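Asker: with the input below, show me the fold.
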Amino acid sequence: MHRKSAYILFLAVLGLLVIGIVMLFSTSAFARDSHGDVYFFIKRQAMWVGIGLFLCIFAALIDYHFWRRTWWLWFGLALAALALCYVPHIGMRLNGSRRWIGWGPLTFQPSELGKLAAIFFLAAWFARYEKPSGNVLFGLILPLAIIALPASLVLGEVDLGTTALIGTTAFVVMFIAGANPLWLGAVSFAGLGALLIVATQISERMGRLSAFLHPENFKEDAGLQQMQALIAWGSGGMEGLGLGNGRQKMLYLPYAHTDFIFPIIGEELGLRFSLLVVFLFVVIIVCGIMIALHAKDRFGLLLGCGIVSLLALQAAVNIGVTTSLLPNKGLPLPFISYGGSNLVACMFGIGLLLNIYRQGILEPPHKRRATMHARMTLRI
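Answerer: As a prediction, the model looks like this:
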């Protein structure tokens, strides 16, 4: 299974990319923003797919230990880019949040770089400190304090979903590294409580929470997207209305080409095709975990698990939001939703997994057996 995991992983990602391009072609013509070209979004996404594939190949060819040696550089660049979101005329304020920086027609979401930089740091940190459970300073306080730097900048953008995503991924990596689960549990509950307090102080986020709890009372404002998404699911049924025949994308469901593209898949292609999308994400998770478990060293294990956690959590949150199982968070569906920054970051992460696979598969068999024996001492 391990020897074929990279090929299966790449095929699953390719399948999601194809689905994304096809569904973007179906939905983007009805996007709210008018750019004078019905193919504007599909052209932009095709360009980002090309850039993402280039970076995926680059990450697959460069030894992943390079990111361990230079984690501080990428961490610093991420902090600088996140800080630019607050600079007038560079940071762009859209829908009440400062999540983008832009120069002319080119825009970028620095939080995507922040996610990867956080994983680089955590993997490098816990590869150096291999027994963190008995040291509260190096096993908990210092890494969390450093991770809090990009997380606080993202939180200041009023992006609670990405902040929670970075924090949860950090806890997963720390748990796998061997950090004390009682400490992690206490900190995670405290962090969740803090996010809820912050959400209650922001009227828009409080509206989303209220709409989640009482959707029938907010179906015309804060709960509009999720109510229209449920209508899309109900209209599609098992077989779907047919590709291109969906109605909710015709300005009934806001942002049907980005965060809420998954319900359009259900409406046009039906439940079976929607479950295929979920299955492809499960394949990516299983193959990614398999690759991480066969990494030739601790850094590769933690880096691989961090990338898999990031992709899995983001997909789970988006699917949960679009099926009304979670409050609206504004996170895109990896490889499918329109958006260059997230697509490029996800493709780069897949390239890292492929490189970890290459490094592990080229290791001599007796060393691989010794490595797998050492994995048994970790909590994975």
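
Asker: the strands in the stretch 151-300 of the chain, which residues?
Answerer: In the stretch 151-300 of the chain, no strands are defined using DSSP state E, counting those that start in this stretch.

Asker: any low-confidence regions in it?
Answerer: Low-confidence segments of the stretch 151-300 of the chain (pLDDT under 70): 199-208, 210-211, 218, 221-222.

Asker: please enumerate the helices of it.
Answerer: Counting by DSSP state H, counting those that start in this stretch, the stretch 151-300 of the chain has these helices, from start to end: 160-177, 181-200, 203-213, 224-236, 261-293, 298-322.

Asker: and residue 121, how close does it get to residue 127?
Answerer: Counting by CB to CB, to the nearest Å, the gap from residue 121 to residue 127 is 11 Å. The way it works is simple: take the backbone N, C-alpha and C, and place the C-beta from them, glycine included.

Asker: tell me which of these two has more neighbours.
Answerer: residue 121 (25 against 18; other CB atoms under 10 Å).

Asker: buried set for the helix or strand that that one is a member of?
Answerer: Using DSSP states H and E, residue 121 maps to helix 110-128. For helix 110-128, burial by neighbour count (16 or more other CB atoms under 10 Å) applies to 110-127.

Asker: got any ranges where the stretch 1-150 of the chain has weak pLDDT?
Answerer: 1-2, 30-37, 94-97, 104-105, 132-134.

Asker: which residues sit in contact with residue 140?
Answerer: 132, 174, 179, 180, 183, 184, 187 (CB atoms under 8 Å, 6 or more residues apart in numbering).

Asker: distance of the third one from residue 187?
Answerer: Here the distance between residue 179 and residue 187 works out to 10 Å (CB to CB).

Asker: okay, these two: which has more neighbours?
Answerer: residue 179 (25 against 18).

Asker: what would the helices of the stretch 151-300 of the chain look like in CSV with distance to residue 349?
Answerer: Converted to CSV, those look like this (distance: least, CB to CB, whole Å):
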stretch, distance to residue 349
helix 160-177, 11
helix 181-200, 23
helix 203-213, 28
helix 224-236, 27
helix 261-293, 9
helix 298-322, 4
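
Asker: mind checking those for the one nearest to residue 63?
Answerer: helix 298-322 (10.3 Å; CB to CB).

Asker: and that closest one, what does it pack against?
Answerer: If you count contacts as 3 or more CB pairs under 8 Å, 6 or more residues apart in numbering; DSSP states H and E, helix 298-322 packs onto helix 65-69, helix 110-128, helix 160-177, helix 224-236, helix 261-293, helix 340-361.

Asker: tell me what angle it forms with helix 160-177.
Answerer: Put simply, helix 298-322 runs at 140 degrees to helix 160-177, going by axes from the mean of the first three to the mean of the last three CA atoms, to 10 degrees.

Asker: in helix 298-322, what counts as buried?
Answerer: For helix 298-322, a neighbour-count test (16+ other CB under 10 Å) marks 298-319, 321-322 as buried.

Asker: start and end of stretch 151-170, how far apart?
Answerer: Terminal residues of stretch 151-170 are spaced 11 Å apart (CA to CA, to the nearest Å).

Asker: give me the contacts around it.
Answerer: So stretch 151-170 is contacted by 79, 82-83, 85-86, 96-99, 111, 114-115, 118-119, 122, 143-144, 147, 150, 188, 191, 195, 198-199, 202, 204-205, 306, 309-310, 313-314, 317, 329-331 (CB under 8 Å, 6+ apart).

Asker: all set, thanks.
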